[in-house]
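> Give the three-dimensional model of this entry:
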Amino acid sequence: MPQGAFYLFPDFNVFRENLNQRDINDSETFCQRLIEEAGVAILPGTAFGRPPEELTARISYVDFDGARALAAAEQLPPHEPLNEQFLINYCGHTIEAVDRLCRWIHEEEPLC
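Below is the predicted model of the structure:
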């Protein structure tokens with residue numbers, strides 16, 4: 001059983017003009033198209049009581065082995081920050097999902 005989770009609840013309204021041009025006008029359509037076109041699954045804000053026209057969503061960023069990442073972090077000196085390579089090695093799927101989300105929003109390249 002999970003003993004915790006990590007979530008973000010971003011508001012994508014800043015991208016509304018771009019998304020409206022793609023016939024994305026509500027959070028459910030946003031999330032449906034994101035999974036279909038970019039392979040990234042997030043939950044629409046409506047699942048958490050937000051208005052449908054609000055482009056909010058909940059992102060869970062726990063697609064990594066937390067115990068393995070913590071054990072590796074404990075091997076580093078406490079004053080040393082975790083660098084990008086550490087994140088790639090231990091949280092790669094999460095980083096890839098965020099990259100796919102960003103590319104999809106900006107229509108930078110086909111993803112799937």
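> pLDDT weak spots in this structure?
1-5, 109-112 (pLDDT under 70).
> try 90 this time
Scanning the chain with the threshold set as pLDDT under 90 gives 1-8, 60-67, 70, 78, 80, 87, 91, 93-94, 107-112.
> Residues in contact with the longest helix anywhere in it: which ones?
Using DSSP state H, we find that the single longest helix of the chain is helix 84-105. With contact meaning C-beta atoms under 8 Å, 6 or more residues apart in numbering, helix 84-105 is reached by 12, 15, 18-19, 34, 37-40, 42, 61-65, 68-69, 72-73, 76, 108-109, 111. Where C-beta positions appear, they are placed from N, C-alpha and C, glycine not excepted.
> What segments of this protein are strands?
Ranges of strands in the chain, per DSSP state E, are 7-8, 43-44, 57-60.
> Now render those as CSV, adding distance to residue 96 and mean neighbour count.
CSV is the format used below for the strands of the chain (distance: least, C-beta to C-beta, whole Å; neighbours: other C-beta atoms under 10 Å):
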stretch, distance to residue 96, mean neighbour count
strand 7-8, 16, 12
strand 43-44, 19, 19
strand 57-60, 13, 18
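> Reformat the ones you listed as CSV; add distance to residue 25.
Formatted as CSV, these follow (distance: least, C-beta to C-beta, whole Å):
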stretch, distance to residue 25
strand 7-8, 22
strand 43-44, 12
strand 57-60, 14
